[in-house]
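**Student:** Quick one: sequence plus predicted model below, questions after.
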Amino acid sequence: MEERQLKNIKRYLQSEDVQERIQQYMQRGRSEATVSIGRVAQLFQLKESKLRDWETRGLLKPLRSKDITGQRQYSPAELDKLAIIKELVDEGGYAPSDIPPDIDSIWYSISRSEGQQDQTLKFSGAQVEHTREADHMPIDQRVNYSYYKELFWRYYASHTLRLSLMLICEDVNFTRAGLILPLHKKDAFALIHQPEDLPEVGESLVGWLGQSRSFYTFLTAAPSFEYPRDFRILPLQAIEEGALKEDKPKDNTLLVVPRMEADTRPISLTEPVVETIRRLLSPLYDEVPDWHFYLGQGRRDLLDPLIDFNSSANLSDAILNGLANMVISLGGKTTEGQNLWRFCCILLPNNPSLPMQQQRLVVRAQSKKSPHILSVTYVSPEDPIISLSVRAFQSSHVIYRPNVSIEDTAIAYRNAEGSIHSAIAVPVGGEERLPIAVLYIISNEANAFSEDDQRLLRIFGRMIEELIMTYYARMQVTKRLNNLIITPSIVDTSFKNFLSENEFIRDVETLLNNLKIRIDEREERPDSERISLSDLKARSESEQLSKEVVSFIAIDLDNQTRYANKYGDQMAKNLSRTLGLRILEQLPVLFTKDKEYRLYHIYADRYYLLLNGIPLEQAREKAERLRQALNGSYRVDAVRTSIEQPTLPDSMVELLDLTVRLGVTSYEYKKLHKVLQRYPAVTAVADVRASILHFLDVSLNMGKKEGGNIIVAWNPEIWGLAPWQPKSLVQLRGNNAGA
């Protein structure tokens, strides 16, 4: 189109009466939301043949109904565009050939320059909100509409743009980078002679990677920068040492990078990288007639997709099914115009908590024409036929059959899948962790999956991996929310049978506070009211034990880090809990009354015992009996992540010759009172409590330095901590040495 003609159109559209007529048509069109071609012809007083002609010229892009008729359906954005075209043809005297395909972008840029807001239309002196079809739907219909009609393309656009930019920036770590997809102008890069010309490319889809690696996706009428000279704008082409390797761009995509960084870090993009990105981005150009529907002006529903694949309901996920269909679409066509790849399935483990060798893979999403049943069809490592999907899942390798033999037993559902000439199974995940799913695709053609195809499928695998891990994370953080209300201090219910460190601190401080209050009250009494020494001696021995001494035993597993390194953190946590349960089993044997002891899980495999009325010598003897009971072998579940899960005999691991070390301290009340008096009254209780904790930790650290399997106890003779052994054991060793 001639530049002069385009300027005339812009000038005509700036007329106030022209804008008012167009807005009237727009408002009339919006009253019907998405409407058929017949109704559009009535609303705008046009013949259907003229609407089809304008569609052929690329001026209109109606949707097609999904029923058998495939009838044209016009969205509100298309009706807006039609109002502009009608005004230009009927009143402006312009021929359809004079009108550019992006006439709506021109209109909106002019409207905004005249003071109109992005989300409103000026009509009869009132502000009319920019609406979409779903805005006035009942809640249940709107939810389904947003989920099944809008969610996939928003997800696909943002994730393909983000992964493409991450792929570009992986070797050259730019602080910022962007991809701009001009949606209407052809040969967009030819319009850019300098960075200030970027708005000339018109309406564009933008993906932007920020300095924090946050990512942004949005639709803009005319992309621009506040300081254009700070950026370099390049076509998406293979680049070697800063030089373009292709004579002409193959699509409209523009790459934007910071100019200073581009000058100091030469850009290199290999042909496989560029071709993979082009394939990923091609649906954004070809398969979405109007991006305003998904990312345009006006309100958009906030959607947080989530699906529990292990629930009893056979639910279908819109995004995963959409990705499966997109895989088939990007696979290309045969010479007869059929899809080269016939169908695609996404299989997930039926129970991710099981070991890999025991996991069935269940079809959780699939493309059209798949013969399988969602959440019902599965393949198992226990089947006589070990399918391609199971092989890919357990090997973390892409398993490819370029020519499927009739005798090939790796096709698990040959009868249902029909004629197959090539098949591929791509593990999802598996680079630095175990796979979490498998992408399975078959073709009626031999050699249907090239190396470029495998690159594309691996990228899809990353998108699927991120989505599934997001689902798992969202399910995890919403489990058992009522527990937060009922027991806000308990995070890991695996240790709910034990008191916590907070409760240990509370109990010790309560003991110290009561002691301080009792003795302070006694000292404040007149001499005539004070209790005499003879009265104190008259109290029973049991009362003396319960009120005048407190002892502590600290318990820690030897070499716990070694087991964590060998078996993993989950195994180490389960071992710690098993140790705690064994301590609980021994306490009724060691003590006659429940009030004599309280057991606390401090952290990892460290436990404390608070012993009321148990003096030092008894505490040391009980520590020795406890050491003997805790040393030995342990059967630990290596898989279970929660005590609510059933214990599986095959998942139990026998750990032999484990040992523990123990620390014992003891304090008479009169000694504690003297210690309390050393500190300021405001902090005395907290300071003494911290000292008690410190000595318990010191005792365990000393036992670790001694090699473990030992008791380190308070020794009144040296007024400090030292290794301790029962007299019987010392005598026995002495007799053996004498012999």
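**Tutor:** Yes, it's here.
**Student:** would you list every one of the strands in the stretch 251-400 of the chain?
**Tutor:** With DSSP state E, counting those that start in this stretch as the criterion, the stretch 251-400 of the chain has strands at 254-258, 341-349, 361-366, 378-379, 399-401.
**Student:** got CSV for the ones you listed, with distance to residue 514 too?
**Tutor:** To be clear about C-beta, it is placed using only N, CA and C from the backbone, and glycine gets the same treatment. Converted to CSV, the strands of the stretch 251-400 of the chain look like this (distance: least, C-beta to C-beta, whole Å):
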stretch, distance to residue 514
strand 254-258, 67
strand 341-349, 55
strand 361-366, 60
strand 378-379, 63
strand 399-401, 70
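**Student:** out of these, nearest to residue 80?
**Tutor:** strand 254-258 (26.5 Å; C-beta to C-beta).
**Student:** What pairs with the closest one, parallel or antiparallel?
**Tutor:** In the sheet, strand 254-258 lines up against strand 177-182 (antiparallel), strand 231-235 (antiparallel) (DSSP bridges).
**Student:** just these: most buried one?
**Tutor:** Mean neighbours per residue, mean count of other C-beta atoms under 10 Å, is largest over the strands paired with strand 254-258 for strand 177-182, with a mean of 23.
**Student:** Give me the contacts around that strand.
**Tutor:** 161, 164-165, 168-169, 188, 198, 201-209, 223, 233, 236, 252-258, 281, 284-285 (C-beta atoms under 8 Å, 6 or more residues apart in numbering).
**Student:** Kindly report the same for stretch 244-252.
**Tutor:** 181-182, 185-189, 201, 234-239, 271, 278, 281-282, 285.
**Student:** Can you report phi and psi for the spatially most central residue of the chain?
**Tutor:** In the chain, the C-alpha nearest the mean C-alpha coordinate belongs to residue 470, at 3.3 Å (C-alpha atoms, centre = their mean). For residue 470, the backbone dihedrals (degrees, to the nearest 10) come out as phi -60, psi -40.
**Student:** Likewise for residue 218?
**Tutor:** According to degrees, to the nearest 10, residue 218 has phi -160, psi 160.
**Student:** Provide the secondary structure category for residue 511.
**Tutor:** helix (DSSP: H, G, I helix; E, B strand; the rest coil).
**Student:** hang on, the earlier thing: just the buried residues of the contacts of strand 177-182.
**Tutor:** 161, 164-165, 168-169, 188, 198, 201-209, 223, 233, 236, 252-258, 281, 284 (16 or more other C-beta atoms under 10 Å).
**Student:** Phi, psi for residue 426 please.
**Tutor:** Torsion angles, degrees, to the nearest 10, at residue 426: phi -110, psi 120.
**Student:** Quick check, it in contact with residue 457.
**Tutor:** Yes. Look at residue 426 against residue 457 with C-beta atoms under 8 Å: they come within range, at 4.8 Å.
**Student:** hey, what's in contact with both of the two?
**Tutor:** Overlap of the contact sets of residue 426 and residue 457 (by C-beta under 8 Å, 6+ apart) consists of 398, 439, 441.
**Student:** Over to the last one. Which of the three states is it?
**Tutor:** Here residue 441 takes the strand state, with states given by three-state DSSP.
**Student:** domains for the chain, by residue range?
**Tutor:** 3-131, 139-295, 318-477, 493-525+536-738 (automatic domain parsing).
**Student:** what's the first-to-last distance across the third one?
**Tutor:** Here the two ends of domain 318-477 are set 22 Å apart, with distance taken as C-alpha to C-alpha, to the nearest Å.
**Student:** hey, what's the nearest residue to residue 347 once chain neighbours are set aside bridged with?
**Tutor:** Residue nearest to residue 347 in three dimensions, not counting chain neighbours: residue 361, with 4.0 Å by C-beta to C-beta, 6 or more residues apart in numbering. Residue 361 has these beta-bridge partners by DSSP bridges: residue 349, residue 379.
**Student:** I'd like to know how far residue 361 sits from residue 641.
**Tutor:** 21 Å (C-beta to C-beta, to the nearest Å).
**Student:** neighbour count winner among the two?
**Tutor:** residue 361 (28 against 13; other C-beta atoms under 10 Å).
**Student:** Remind me what the helix or strand in which residue 49 is found packs against, helices and strands.
**Tutor:** Taking DSSP states H and E as the criterion, residue 49 maps to helix 48-56. Here helix 48-56 touches helix 37-44, helix 76-86, going by 3 or more C-beta pairs under 8 Å, 6 or more residues apart in numbering; DSSP states H and E.
**Student:** With mean pLDDT and distance to residue 331 added, can I get these in CSV?
**Tutor:** Output for these, formatted as CSV (pLDDT from 0 to 100; distance: least, C-beta to C-beta, whole Å):
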stretch, mean pLDDT, distance to residue 331
helix 37-44, 81, 32
helix 76-86, 86, 30
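**Student:** deepest of those helices, which one?
**Tutor:** Scoring the helices and strands packed on helix 48-56 by mean count of other C-beta under 10 Å, the most buried comes out as helix 76-86, with a mean of 24.
**Student:** Cool, thanks, talk later.
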